[in-house]
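A.B. asks: here's a sequence, model it:
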Amino acid sequence: MRTLLVGSGILLMLVFLSVSSCGSSQKSVTISEEEAVAFKNQEADTVSISDPDSKYEIIIIEPGFNFWLNSIARPRGYYSQSFLENRNRIYVIEWNNRVMMPNRYNSLLYELRINYDPNVDYGYEVNYKLYYYFIYFQRKYRQRLGPFIPRI
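C.D. replies: Here you go, the predicted model:
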């Protein structure tokens, strides 16, 4: 099983194809009180999911992410798998760009490169969790990984 590990800004996917990088712009995001409470949640949690139809798994180690995912994120099925895959490709490219530039971007947030093959079907569940980790990360750490405002 191939694994994606996410924690405190650390993301690792053991898939063997690298992607190129692109730029992004920064804009402010409004955080609700409920979301601010979720971000302050320091309860240690690990989210581990695998898609029954694929050989891939995602493991997210980030205090508060599971709480945020269950209380703030849109439910499964709200977005199509193709939407999630397209956004994940964009976010992975920018993430990898930032990993390669530690003098410009916080290396504690962008530690490890992600290899995301757009030709691999990781399944809905893996793409859903990865997408929402990117949204969570952008909103919590006030980052912008693409041309889209990170909305819920």
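A.B. asks: any stretches of this structure with poor pLDDT?
C.D. replies: 1-28, 42-45, 49-52 (pLDDT under 70).
A.B. asks: can you count the residues close to the residue nearest to Glu35 when sequence neighbours are not counted?
C.D. replies: Excluding the flanking residues, the one nearest Glu35 by Cβ to Cβ, 6 or more residues apart in numbering is Ile72, at 5.4 Å. The way it works is simple: take the backbone N, C-alpha and C, and place the C-beta from them, glycine included. Neighbour count for Ile72, taken as other Cβ atoms under 10 Å: 18.
A.B. asks: list the contacts of Ile72.
C.D. replies: Counting by Cβ atoms under 8 Å, 6 or more residues apart in numbering, Ile72 makes contact with Glu34, Glu35, Ala38, Ile152.
A.B. asks: what about the residues you listed, which are in helices?
C.D. replies: If you go by DSSP state H, the contacts of Ile72 have Glu34, Glu35, Ala38 in helices.
A.B. asks: got a markdown table for these, with neighbour count and distance to Asn88 too?
C.D. replies: Shown next, in a markdown table, are the ones in helices among the contacts of Ile72 (neighbours: other Cβ atoms under 10 Å; distance: Cβ to Cβ, whole Å):
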| residue | neighbour count | distance to Asn88 |
| --- | --- | --- |
| Glu34 | 10 | 25 |
| Glu35 | 18 | 21 |
| Ala38 | 23 | 22 |
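A.B. asks: wait, what's in contact with Pro150?
C.D. replies: Val29, Phe134, Ile135, Gln138, Arg139, Arg144.
A.B. asks: residues in contact with the fourth one?
C.D. replies: In this case it means Gln138. Neighbours of Gln138 in contact, by Cβ under 8 Å, 6+ apart: Val29, Arg144, Leu145, Pro150.
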